[in-house]
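*Asks:* Got a sequence here, can you build the structure:
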Amino acid sequence: MNQETTPLEEHLKIIQEKHAKLPQIMVDAGVDCWIIFARETATTPDSSMKFVVGGDIVLASAFIFAIQSDGSLKKCALVANFDAAAEEKKGFWDEVIGYEKGIKSHLQAKMKELNPKKIGLNFSLDDFSADGLSHGMFLLLNQLIPRYKNNFTSAQKIVNTIRSNKSKTEIALIRKACDITEEINHLITKQLKIGQNEFEIQQMFHAEVQKRGLGFSWQQIGNPAVDISPKEFGHVLPQTSNVISEGSTLHNDFGILFHGYASDLQRMWFFGKKEEVPNELHHALETIINGIQLAADNIKPGIPGYKIDKIVRDYQLSRGYKEYLHGLGHQVGIMAHDGGGMLGPIWERYGDLPKKLIEVGQIFTLEPSIRTEHHGSVSLEEMVVVTERGCEFLVSPAKDFIYIN
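*Replies:* Model prediction:
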């Protein structure tokens, strides 16, 4: 079985879990109607459809979620006639309308029936995951229902919450992806030896991923990132000229897709005995490990992400290091970088994402880094899921180098 994609039964279960939470999410967003308006989604997908619709459509289609006066949610799929049967079979729409000659009259009638005050649409200035409505489709919607164009607003808060706050099934799949990632790390550890180069090591990981029928949670050519000291970490392809020697460190940044859900973990190896680790390396790794735990101890629902980043950033500064030039952590879901809020500094490049509040069910990476003077970069990456009281590591966090004697 191809484990890059979510099996249908699991996929429909996730959608039903998401639908159950939608009424409260829409109320919190101040939106009484949410429309996903799309076409030819195999070519131009709206990523929110994966979580509340499932599957692709061809001609212009409107998936409408509306809060009724009694607080219940009415769900309507307005699609071309040849897509209607597929939507009926899913079993979670209150109404499926298959139009023949055009969508306009059906959409106008449905809007007149619902009479919404605020219509959420999938556009966003600072979050790619909530920006699924193409400009052409936005203009078309203005033509189809001009009476309601002053009611349009961004559905970013809805999309962010639906995508970011993982359901029970999603958390289980991501936890399994992390378990498999660690399993492959342990297996490769037994094969590592002095004289291997970065490219050879990456190929060993690729072979294990492909043998299991898994996918890669980002571009395969750079997954895993493989770095042998004193090389600095970064989005740089593995090199045949960088070879393991006695006293080297090896770093990887590795993530797989299991049933369509991602992992993203970093680990470090030291080629030598524990007592042979230079003080500079030991101090840096200790700082990274303590910083990750400090973040985990302070994560709670309702706190903006930049505050967690600042705690770790200030801690590293107090230990004598310069601040890391990236965010502390991003959300993980169907991709390694899954959009939504982040644990990061308030820098221009991140927009408002670090100001977003941490919420229950979100899954974040924790990945501070340090550049040492003589031994390259030092970094680990863990994944945590936010709970009502704090957070929980998805796999046991690394507490040291992995030693290869």
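*Asks:* Am I right that Gln293 is in contact with Pro397?
*Replies:* Yes. Counting by CB atoms under 8 Å, Pro397 is a contact partner of Gln293 at 7.4 Å. Using the backbone N, CA and C atoms, a C-beta is placed for each residue, glycine as well.
*Asks:* Just the CA atoms of stretch 216-236, as PDB, please.
*Replies:* Extracted in PDB, the C-alpha atoms of stretch 216-236 (Å, rounded to 0.1, in the frame of the first residue of the first chain):
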ATOM      1  CA  PHE A 216       8.800  12.200   2.300                       C
ATOM      2  CA  SER A 217       7.400  15.100   4.300                       C
ATOM      3  CA  TRP A 218       9.300  17.600   2.200                       C
ATOM      4  CA  GLN A 219      11.300  17.500  -1.000                       C
ATOM      5  CA  GLN A 220      13.200  14.100  -1.200                       C
ATOM      6  CA  ILE A 221      16.400  15.700  -2.600                       C
ATOM      7  CA  GLY A 222      16.900  17.400   0.800                       C
ATOM      8  CA  ASN A 223      15.200  14.900   3.000                       C
ATOM      9  CA  PRO A 224      16.900  14.000   5.200                       C
ATOM     10  CA  ALA A 225      19.300  16.900   5.400                       C
ATOM     11  CA  VAL A 226      22.600  15.300   6.200                       C
ATOM     12  CA  ASP A 227      25.400  17.400   7.700                       C
ATOM     13  CA  ILE A 228      28.900  16.300   8.800                       C
ATOM     14  CA  SER A 229      30.800  18.700  11.000                       C
ATOM     15  CA  PRO A 230      32.200  21.300  10.800                       C
ATOM     16  CA  LYS A 231      29.700  22.100   8.100                       C
ATOM     17  CA  GLU A 232      26.900  24.500   9.100                       C
ATOM     18  CA  PHE A 233      23.300  23.300   8.900                       C
ATOM     19  CA  GLY A 234      21.100  24.600   6.300                       C
ATOM     20  CA  HIS A 235      19.000  23.700   3.200                       C
ATOM     21  CA  VAL A 236      22.200  22.500   1.400                       C
END
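*Asks:* which of the residues in that stretch are buried?
*Replies:* Judged by neighbour count using 16 or more other CB atoms under 10 Å, the buried positions of stretch 216-236 are 216-218, 222-229, 231, 233.
*Asks:* Closest one of the residues you listed to Lys74?
*Replies:* Nearest to Lys74 among the buried residues of stretch 216-236 is Ser217, at 35.8 Å by CB to CB.
*Asks:* just checking, the closest one touches Asp253?
*Replies:* No. Counting by CB under 8 Å, Ser217 stays clear of Asp253, with 10.5 Å between them.
*Asks:* Find residues that contact each of these two.
*Replies:* Listed contacts common to Ser217 and Asp253 are 223, 264; contacts here mean CB atoms under 8 Å, 6 or more residues apart in numbering.
*Asks:* measure stretch 366-384 end to end?
*Replies:* With CA to CA, to the nearest Å applied, stretch 366-384 spans 8 Å between its terminal residues.
*Asks:* could you point out which element follows the host helix or strand of Glu10?
*Replies:* Using DSSP states H and E, Glu10 sits in helix 8-29. Next helix or strand after helix 8-29 toward the C-terminus (DSSP H and E): strand 33-38.
*Asks:* Helix, strand or coil: sort out the closest residue to Tyr261 other than its chain neighbours for me.
*Replies:* The shortest distance from Tyr261 to any non-neighbouring residue, by CB to CB, 6 or more residues apart in numbering, is to Leu173 (4.0 Å). At Leu173, secondary structure determined by DSSP: H, G, I helix; E, B strand; the rest coil is helix.
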